[in-house]
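Enquirer: kindly generate the corresponding structure for this input.
(one chain, ligands or ions: 2)
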Amino acid sequence: MSEPLLITVAPTGAETAKEDCPQLPTTPEEIAETARACQAAGAGMIHLHVRDGDHRPTLDLGLLREWVAAVRDASDLVVQLSTGGSVHDPLDQRLKVLDAEPDSCSLTMGTTNFGDDVFSNPWPFVCELYQLAQDRGVAPEFELFDLGQVHALTRLLDRYGLPAGERVHVDLVMGVPGGMNGTTDALVAAVRDLPPQTTSWSATGIGRSTLSVLLASLSKGGHLRVGMEDVLTIARGVPVDSNAQLVERAVAIGALAQRTPMTPQEARVLIGAKG
Ligand code: KMH
Ligand code: ZN
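Expert: Ligands and ions are numbered 1, 2, ... in the order given. The predicted model follows:
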């Protein structure tokens, strides 16, 4: 029997402006409705970036807590907070994200050119954030933007051991201008080199690489991340209506590969989240 399919939805991100994309969920009410609709469509986990009252990215602890509570009220989704934030967020504030007590946190394994910007993840920061997640019992999702970061994950696990929940869940973020290509060949190379401690992995392709990465991941037995953080069109020149539309498409393509969406509870077990 085929393994159930984890679909993570990344609904907002930190890099798209509300005025450029009014359907982007940027308020607690919109994120609650998004969580409800995406769970109904087949998502098991949500990767959250929080926005302030002006729809701008923020790491304000009060707002982080409010968004986590809004998602928990509206759904059973595993709540993963981004510790990547926006390319402009300072490292010390990114460490404080864990104070909002998410089930999971993203943890990027190295610095990446990010279009014209730099997504900064120096090694000492990565180590500090990882040990904090271990201490707090928060399940990390290791985000890998290039092959060097696959190697860095091996180093991290060898030096500091397993996460608190003893599961190693990886997300390959492909097609960022500055990171690895969003191609089948790049995905195969990254999966081949994942450390042996890896227990599950998903992949997402940014922009026009979204479908090729989705299909490559399914063909290698991986899981999926979809959402408006990563892609804003459903077909060339056609804007996405809602995050649920992207989840529904992932469910439909997953069904062709004989994969059934995981429930949030199954997702919790898969990644080693508490509760
Ligand atoms: N916004 C990107 C610079 C994460 O969430 O951990 C970083 C990002 C990764 O989205
Ligand atoms: Zn993110």
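Enquirer: quick one, what contacts Gln265?
Expert: Neighbouring residues of Gln265 by C-beta atoms under 8 Å, 6 or more residues apart in numbering: Asp76. To be clear about C-beta, it is placed using only N, CA and C from the backbone, and glycine gets the same treatment.
Enquirer: let's see 10 Å
Expert: Each residue near Gln265 by C-beta atoms under 10 Å, 6 or more residues apart in numbering is listed here: Gly44, Asp76, Val78, Gly275.
Enquirer: the last one and ligand 1: what is the separation?
Expert: Using C-beta to the nearest ligand atom, to the nearest Å, one gets 22 Å for the distance from Gly275 to ligand 1.
Enquirer: my read is that that residue contacts Val78, right?
Expert: Yes: in terms of C-beta atoms under 10 Å, Gly275 counts as a neighbour of Val78; the distance is 9.2 Å.
Enquirer: more neighbours: which of these two?
Expert: Val78 (29 against 7; other C-beta atoms under 10 Å).
Enquirer: which residues in the stretch 101-250 of the chain form strands?
Expert: Secondary structure of the stretch 101-250 of the chain (DSSP state E, counting those that start in this stretch): strands at 104-108, 112-114, 117-119, 139-144, 169-174, 200-205, 223-226, 233-235, 238-239.
Enquirer: make JSON lines from the ones you listed and add mean neighbour count to it.
Expert: Converted to JSON lines, the strands of the stretch 101-250 of the chain look like this (neighbours: other C-beta atoms under 10 Å):
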{"stretch": "strand 104-108", "mean neighbour count": "25"}
{"stretch": "strand 112-114", "mean neighbour count": "19"}
{"stretch": "strand 117-119", "mean neighbour count": "16"}
{"stretch": "strand 139-144", "mean neighbour count": "26"}
{"stretch": "strand 169-174", "mean neighbour count": "27"}
{"stretch": "strand 200-205", "mean neighbour count": "25"}
{"stretch": "strand 223-226", "mean neighbour count": "28"}
{"stretch": "strand 233-235", "mean neighbour count": "12"}
{"stretch": "strand 238-239", "mean neighbour count": "10"}
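Enquirer: with distance to Asp60 and mean pLDDT added, can I get those strands in a markdown table?
Expert: A markdown table is the format used below for the strands of the stretch 101-250 of the chain (distance: least, C-beta to C-beta, whole Å; pLDDT from 0 to 100):
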| stretch | distance to Asp60 | mean pLDDT |
| --- | --- | --- |
| strand 104-108 | 17 | 99 |
| strand 112-114 | 22 | 98 |
| strand 117-119 | 20 | 98 |
| strand 139-144 | 22 | 98 |
| strand 169-174 | 25 | 99 |
| strand 200-205 | 26 | 98 |
| strand 223-226 | 25 | 98 |
| strand 233-235 | 31 | 97 |
| strand 238-239 | 29 | 97 |
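Enquirer: which pLDDT does the model give Gly275?
Expert: With respect to pLDDT, Gly275 scores 81.
Enquirer: residues near the residue in the stretch 151-275 of the chain that ligand 1 sits nearest to, how many?
Expert: Nearest residue of the stretch 151-275 of the chain to ligand 1, counting by C-beta to the nearest ligand atom: Glu229, 6.5 Å away. Glu229 has 24 neighbours, counted by other C-beta under 10 Å.
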